[in-house]
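Take this sequence and fold it.
(chains A and B)
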Number of protein chains: 2
Amino acid sequence: MKARLEAKAFAPASVGNAAVGFDVLGHSLAGPRDVATVRRIDAPEVRLAPIRGVVTDLPVDPARNTAGAALLSLRAAAKVRFGFEVALEKGIPLGSGLGGSAASAVAALVAANALLPRPLAREALYPHALAGEAVASGSAHGDNVGPQLLGGLVIAGHARLVKVPVPRRLWAAVVHPHAVLETKVARAALAAPYAIGAVVPQLERLSLVLAGCYAKDLSLIAEGLEDVLVEPRRAHLIAGFSEVKAAALKAGALGASISGAGPSVFAWCDGEAKARRVGAAMRRAFAAVPVGSDVFVSPVNGPRAELLR
Amino acid sequence: MKARLEAKAFAPASVGNAAVGFDVLGHSLAGPRDVATVRRIDAPEVRLAPIRGVVTDLPVDPARNTAGAALLSLRAAAKVRFGFEVALEKGIPLGSGLGGSAASAVAALVAANALLPRPLAREALYPHALAGEAVASGSAHGDNVGPQLLGGLVIAGHARLVKVPVPRRLWAAVVHPHAVLETKVARAALAAPYAIGAVVPQLERLSLVLAGCYAKDLSLIAEGLEDVLVEPRRAHLIAGFSEVKAAALKAGALGASISGAGPSVFAWCDGEAKARRVGAAMRRAFAAVPVGSDVFVSPVNGPRAELLR
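This next block holds a predicted model:
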């Protein structure tokens, strides 16, 4: 069998934290995506081609680029002699809270994996994706790479990923305001410690959301889908957030919160039609700030990264 | 139909927190139990008869006794003219971490409920049970009354209870050392706040345990059943804790931690036989301290409170 020399893959955007699972729960989104084309090269190294798409001013030093760092990690583990050149086409805006840096790493990994003599199982790419994510945010949290690798709603453990079954009727509306919120700024807002009494209500909400997903009970999800831990400290970083969230709830969302580190805002809804109405209401609320925005709707059980052509 | 004038009920002991769900997750236990006999009385009040059993030095002022406070709450909501006299027979030791104060409230409620012209559904007793629990510990957490009311493993929300399905093979071994740890002392150990980075691993473990229960995957439960939030701050309050926990894990437990506020220690195990071996190993480890102890084994899906005869 002739060795494959080039592969192309996409990875979807994702909603990190999913309101109740800071750094550990997230889901993928149909719509925005990053694409990576990876070529085998003879040099024993990882190289980045110039970056194209909606973001171009990313580091091209492979150790400082999420896709580069992920491939360095994969290459070391796979013990191959050849190297990789990766060409990224960014479809996910930077600093949007939609898992863009994670998606570049995951797309590159899925493509490069296809070039290995013995491709790894999908889950085995997880540590390499975390190695990429760590470069971007300084912490190796898997709530974006996890759902991008497996699709849908995923618990990102320290050692493994668990796909959570999601009721079919559960759709997400995600609104991306045309503003950038740096992950490091959003993380700095969480510097002050939490009393145990402030943690308990979040443990409860996380439990209710997971129970609701497994039991296919949207009323449990609606009761639980509320971030009482992180959102109160980050809401002020997003112009219009409280109005946008209120608009989502008024339009019938089960719950709404910040996507990842923001500034995108997501809402979970009962069905696609409701998600479209909620998305439009959120967009109008951002417009009143005024901030322009884009709306995406997707099943919460969104796609996973896949090879292209 | 002649009105019933007296009813008797038991409520089981329970394992609060269940390692990963501080104040929100717990399960009931077959074995130790409190029994309440409630009589309708003409006086519009709640009265406590002298308390019998393994604990007798409890407040008999109904507003300061968990069963009394629960019945005061129930009576006010039910708008009945008659009152209740409750006779408690304590089978659950005080300050053991086995949910004894909650069990008195739940047993009294289940008995008194049978005397109402229109008895409430089981779940509707929850707020009254919380009103009782608040008297004992100063905080209205439902991780003991919840499982005592519904049986098995229960998420105790601020407004409702959710019963979590539990794999049949999941058994608990619980060892009660002959020592008292006051809940208020155990709570004081949690006074210092937590960095967000210390909370995330607990969110992850809670997610893994719930996913493991719903998916009937003991390996997920084993990976998640670890208290990284509360146990490290309370372990020193229990003589021999680290040795007892190590003994449980060495004997093959899936995980082990403090039951409720302690000093009882519980372990979850694959099967009854393993739970018996683990319980014996934990008891030996306490004996080496030396501390005498009692061992209970029970399905994690333990019983709920029920009327007797």
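
Could you measure from A:P147 over to A:R4?
Here the criterion is CB to CB, to the nearest Å. By it, A:P147 lies 26 Å from A:R4. To be clear about C-beta, it is placed using only N, CA and C from the backbone, and glycine gets the same treatment.

Please point out which parts of stretch A:216-232 sit buried.
Residues of stretch A:216-232 classed as buried: A:218, A:220-231 (neighbour count, 16 or more other CB atoms under 10 Å in any protein chain shown).

then the lengthiest strand in chain A to CSV, C-alphas only?
For chain A, the strand with the greatest residue count under DSSP state E is strand A:25-41. The C-alpha atoms that make up strand A:25-41 are tabulated as CSV, following Å, rounded to 0.1, in the frame of the first residue of the first chain:
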residue,chain,number,x,y,z
LEU,A,25,-17.6,20.2,29.5
GLY,A,26,-18.2,21.5,25.9
HIS,A,27,-20.0,20.7,22.7
SER,A,28,-19.2,21.0,19.0
LEU,A,29,-21.0,23.2,16.5
ALA,A,30,-22.0,22.8,12.9
GLY,A,31,-20.9,25.9,11.0
PRO,A,32,-17.6,27.6,11.6
ARG,A,33,-14.6,25.4,11.2
ASP,A,34,-10.8,25.4,10.7
VAL,A,35,-9.2,23.4,7.9
ALA,A,36,-5.7,21.9,8.0
THR,A,37,-3.8,20.5,5.1
VAL,A,38,-0.9,18.4,6.3
ARG,A,39,2.0,17.1,4.1
ARG,A,40,4.6,14.7,4.9
ILE,A,41,8.1,16.2,4.5
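
coming back round to it: ok, A:P147 and A:R4, which is more surrounded?
Neighbour totals were compared for A:P147 and A:R4, and A:P147 leads with 38 against 12 (other CB atoms under 10 Å in any protein chain shown).

you'd agree that one is up against A:G21?
No. Applying CB atoms under 8 Å as the test, A:P147 and A:G21 come out as separate, 11.1 Å apart.

Can you tell me the element the residue nearest to A:L161 when sequence neighbours are not counted falls in?
For A:L161, ignoring the flanking residues on the chain, the nearest one in space by CB to CB, 6 or more residues apart in numbering or on different chains is A:G146 at 4.8 Å. Taking DSSP states H and E as the criterion, A:G146 maps to helix A:145-150.

got a list of what the residue nearest to A:L161 touches?
Taking CB atoms under 8 Å, 6 or more residues apart in numbering or on different chains as the criterion, A:G146 is in contact with A:26, A:126, A:154-156, A:161.

Let's see that with 7 Å instead.
A:26, A:154, A:156, A:161 (CB atoms under 7 Å, 6 or more residues apart in numbering or on different chains).

Inside helices: which ones of the buried residues of stretch A:216-232?
Judged by DSSP state H, helices contain the following of the buried residues of stretch A:216-232: A:218, A:220-224, A:231.

Within reach of chain B, which of those residues are there?
Residues of these in contact with chain B (CB under 7 Å from any CB of the partner chain): A:220, A:223.

Rebuild the ones in helices among the buried residues of stretch A:216-232 as CSV, extending it with distance to A:P263.
Formatted as CSV, these follow (distance: CB to CB, whole Å):
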residue, distance to A:P263
A:L218, 27
A:L220, 28
A:I221, 24
A:A222, 24
A:E223, 26
A:G224, 23
A:E231, 12
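
Farthest-apart pair in the ones in helices among the buried residues of stretch A:216-232, please.
Across those, the longest distance by CB to CB is 20.9 Å; it joins A:L218 and A:E231.

quick one: the strands in chain A?
Secondary structure of chain A by DSSP E: the strands cover A:6-16, A:25-41, A:46-48, A:52-53, A:83-90, A:153-156, A:161-164, A:170-177, A:255-258, A:265-270, A:293-299, A:306-308.

Could you tell me the least trusted of the ones you listed?
Lowest mean pLDDT within the strands of chain A: strand A:52-53, at a mean of 92.

got a list of contacts for it?
Outside strand A:52-53, the residues that touch it by CB under 7 Å, 6+ apart are A:89-91.

can you list the residues of the stretch 51-200 of chain A near chain B?
Contact residues (CB under 7 Å from any CB) of the stretch 51-200 of chain A with chain B: A:155, A:157-158, A:162, A:164, A:190, A:193-196, A:199-200.

rerun at 6 Å
Neighbours of chain B within the stretch 51-200 of chain A, by CB under 6 Å from any CB of the partner chain: A:155, A:157, A:162, A:190, A:193-196, A:199-200.

What are the buried residues along the helix-or-strand element of chain A with minimal mean pLDDT?
Least confident element among the helices and strands of chain A, by mean pLDDT, DSSP states H and E: helix A:183-188 (a mean of 88). If you call a residue buried by 16+ other CB under 10 Å, then helix A:183-188 has these buried ones: A:183, A:186-187.

How about exporting the top helix by length along chain A as CSV, limited to the C-alpha atoms?
In chain A, assigned by DSSP H, the helix with the most residues is helix A:196-215. Extracted C-alpha coordinates of helix A:196-215, given in CSV (Å, rounded to 0.1, in the frame of the first residue of the first chain):
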residue,chain,number,x,y,z
ILE,A,196,-17.2,26.6,49.2
GLY,A,197,-20.8,27.9,49.4
ALA,A,198,-20.3,29.5,46.0
VAL,A,199,-19.1,26.2,44.4
VAL,A,200,-22.0,24.1,45.6
PRO,A,201,-24.7,25.6,43.4
GLN,A,202,-22.5,25.0,40.4
LEU,A,203,-22.0,21.3,41.4
GLU,A,204,-25.8,21.1,41.5
ARG,A,205,-26.3,22.7,38.1
LEU,A,206,-23.7,20.5,36.5
SER,A,207,-25.4,17.5,38.0
LEU,A,208,-28.8,18.6,36.7
VAL,A,209,-27.6,19.2,33.2
LEU,A,210,-25.9,15.9,32.9
ALA,A,211,-28.9,14.1,34.4
GLY,A,212,-31.1,15.9,32.0
CYS,A,213,-29.0,14.9,29.0
TYR,A,214,-28.8,11.2,30.0
ALA,A,215,-32.5,11.1,31.0
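
Before I go, just wanted to say thanks for your time.
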